[in-house]
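A.B. asks: sequence and predicted structure, then a few things I'm wondering about:
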Amino acid sequence: MSKAKRYTQRNRPQFSDTKGTLLYLFLVPLFLSVVLALFQTNIKAFLLNGVSFFLFLAVLTLAKKGFKQEVHYNQSTLAKAPKIPYKKIAGILLSLSTFFTAIITGKQDFWTSLFLALISLLGYYLWYGFDPKKDKLENLGDVSAEYVLEAIVEAKEKIAHVEQDMLTIDDQTLHNKLTIAVQKAKAIVQTIQEDPKDIRVARKFLIVYIDGLAKVTDTYTQMEETDITPETKEKLYTLMQDVEVRFDKELQRLKNNNHMDLDVHIDVLKEQIK
């Protein structure tokens, strides 16, 4: 299989909810077989077809997880190869499911079942491929790529923690202010992710500001809202306004930093073509 050239879907979107549609072709006939066996009260056929159906359903579920992982990997400047190779696992399970269905449910002989299993695995690989294997950790000069990646992952986890806390906050004013802060924080993290060198100017944001925001919401949700005084809430509202201003400044700093980088590249190119 190592010599087989995988088809590259150049003009297709990297991921959508419809990716993996071909795998549904395995589910449709099995679902009909399960329904038919049920109506015929054929318990054995119902159970065997049911096992096959859920095996292929597991293939689809794992494959979709793999597709999402791959898109995140491809869109990130820095990324580690997926720890769990969902696409590869899905391909192997597809082969095993095909073999089980052919030899048990379809009553095919061993070699025919094995041939169908290998064909399904080859087809899956050629169309979808397997998971990325290499880490994307480019040289960032004086900043460790590992550090940048860890900082981004940690920032995303803290933002997710804030969003989880927001689910239990009934104060609509505070909730709205947190929503704005989270949106801006995500924009900053995304900007850093697209240009990891920006971490030089955004290091304090990742380490201090997002962590502080997470601690505030965590402490708030541990209290009963009825026990929080109007004065404390007013302080929170003022704090969130300051957070919004700070996040706006951080975004502007990143934009200015990108403009400076562009100016440097322009000057370098001018010198080179003289």
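C.D. replies: Thanks, I have it. Residues are numbered from 1 along each chain as shown.
A.B. asks: just the helices in the chain please.
C.D. replies: 24-39, 43-75, 86-100, 110-128, 145-166, 172-194, 199-204, 210-221, 230-273 (DSSP state H).
A.B. asks: please identify which of these is closest to residue 134.
C.D. replies: helix 43-75 (9.8 Å; Cβ to Cβ). In short, each C-beta sits where N, CA and C put it, glycine included.
A.B. asks: which other helices and strands contact the closest one?
C.D. replies: Packing partners of helix 43-75 (3 or more Cβ pairs under 8 Å, 6 or more residues apart in numbering; DSSP states H and E): helix 24-39, helix 86-100.
A.B. asks: show me the contacts for the nearest residue to residue 89 once chain neighbours are set aside.
C.D. replies: Nearest residue to residue 89, sequence neighbours excluded (Cβ to Cβ, 6 or more residues apart in numbering): residue 62, at 5.4 Å. By Cβ atoms under 8 Å, 6 or more residues apart in numbering, residue 62 lies in contact with 86-87, 89-90, 93.
A.B. asks: sorry, back to before: can the helices of the chain go into a markdown table with extra columns for distance to residue 134 and mean pLDDT?
C.D. replies: Output for those, formatted as a markdown table (distance: least, Cβ to Cβ, whole Å; pLDDT from 0 to 100):
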| stretch | distance to residue 134 | mean pLDDT |
| --- | --- | --- |
| helix 24-39 | 31 | 84 |
| helix 43-75 | 10 | 90 |
| helix 86-100 | 15 | 95 |
| helix 110-128 | 18 | 94 |
| helix 145-166 | 13 | 86 |
| helix 172-194 | 18 | 87 |
| helix 199-204 | 22 | 71 |
| helix 210-221 | 29 | 88 |
| helix 230-273 | 26 | 69 |
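A.B. asks: which one of the ones you listed is the most hemmed in?
C.D. replies: Among the helices of the chain, ranked by average contacts under mean count of other Cβ atoms under 10 Å, first place goes to helix 86-100 (a mean of 21).
A.B. asks: touching stretch 38-58 from outside, list them.
C.D. replies: In contact with stretch 38-58 (Cβ under 8 Å, 6+ apart) are residues 23, 26-27, 30-31, 33-34, 37, 93-94, 96-97, 100-101, 104-105.
A.B. asks: now do 7 Å
C.D. replies: 26-27, 30-31, 33-34, 37, 93, 97, 100-101, 104-105 (Cβ atoms under 7 Å, 6 or more residues apart in numbering).
A.B. asks: now for those residues, which pair is the farthest apart?
C.D. replies: Farthest pair in the contacts of stretch 38-58, by Cβ to Cβ: 37 and 93, 22.9 Å.
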